[in-house]
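**Student:** Have a look at this prediction, sequence included:
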Amino acid sequence: MGIERKPVILLTGFEPFGGHRRNSSWEAARIAGKRVGADVVVARLPVDHVRAAQALTALLERHRPDACLLTGLAHGPRLRIERVARRHRALAGPECPGRLHGTWPVAETGLALRLARLPFEVSHNAGSYVCNSTFWCLLYFRLKKGWPRHAAFLHVPPISARFTAKSLGRGMEGILRRRRAFLPAVRETSRSARPG
């Protein structure tokens with residue numbers, strides 16, 4: 001006999017790095033997570049290819065989310081909805097896929113950001129740093145396990161008068177609320193139930 005649970009969403013940001021005393025992705029993710037509710041797991045990842053991948057994998061295994069939105073900091077005049085992640089040599093060998101694609105509805109994400117009055121663009125290049133490798137790790141995990149159903153990466157600008165932590169958090173909140181509205185309740189057996 002199965003039990004029903006609410007769908008779980010994993011939302012991550014990164015720790016401060018380089019000359020940034022605050023990482024806008026983490027500051028905004030904390031705000032969004034508090035506003036959306038208890039079915040959202042919010043976590044901060046280290047800025048290191050291997051340690052970020054390990055931390056993300058542990059979070060995925062522990063919480064078994066139905067959707068996962070990763071966020072990271074990138075300079076620029078607008079937010080970037082990343083569509084493609086490329087394999088990094090620190091994480092996998094040449095036998096693994098070189099490119100993997102996100103699985104979160106782009107039009108839905110764009111609508112949420114427009115409603116939050118945040119400028120954005122769709123990007124097919126997540127860069128060459130930890131944001132890209134962590135996104136690839138998420139998509140490779142999904143390829144192997146078959147979940148989470150929805151996986152995405154959002155780059156946000158540094159905190160400024162134009163992009164406050166609060167305004168970026170509202171954008172993330174809108175993305176999560178829209179996706180959650182379309183996620184059905186999950187029926188699990190004792191064998192498939194999430195650990196912990």
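**Tutor:** Received the coordinates, thanks. Residues are numbered from 1 along each chain as shown.
**Student:** From here on, just use CA atoms for contacts and neighbour counts.
**Tutor:** Will do.
**Student:** Mind exporting the C-alpha coordinates of stretch 33-42 to PDB?
**Tutor:** Presented in PDB, the C-alpha positions along stretch 33-42 are these (Å, rounded to 0.1, in the frame of the first residue of the first chain):
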ATOM      1  CA  GLY A  33      13.000  28.900   0.200                       C
ATOM      2  CA  LYS A  34      11.500  30.600   3.200                       C
ATOM      3  CA  ARG A  35       8.600  32.100   1.200                       C
ATOM      4  CA  VAL A  36       7.700  29.000  -0.800                       C
ATOM      5  CA  GLY A  37       7.400  26.600   2.100                       C
ATOM      6  CA  ALA A  38       8.500  23.400   3.800                       C
ATOM      7  CA  ASP A  39       8.500  21.200   0.700                       C
ATOM      8  CA  VAL A  40      11.500  23.200  -0.600                       C
ATOM      9  CA  VAL A  41      14.900  22.100   0.500                       C
ATOM     10  CA  VAL A  42      17.500  24.900   0.400                       C
END
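**Student:** Please compute how far that stretch lies from its chain's middle.
**Tutor:** 13 Å (CA atoms, centre = their mean, to the nearest Å).
**Student:** And stretch 110-126, by the same measure?
**Tutor:** 14 Å.
**Student:** For it, give the mean pLDDT please.
**Tutor:** For stretch 110-126, mean pLDDT is 97.
**Student:** Between the two ends of that stretch, how far is it?
**Tutor:** Start-to-end span of stretch 110-126 (CA to CA, to the nearest Å) is 17 Å.
**Student:** Skipping its backbone neighbours, what lies nearest residue 96 in space?
**Tutor:** residue 87 (7.7 Å; CA to CA, 6 or more residues apart in numbering).
**Student:** And residue 18, what's its pLDDT?
**Tutor:** Reading off the model, residue 18 has pLDDT 78.
**Student:** Point me to the helix or strand that includes it.
**Tutor:** Assigned by DSSP states H and E, residue 18 falls within no helix or strand.
**Student:** what do you get for residue 13?
**Tutor:** strand 9-14.
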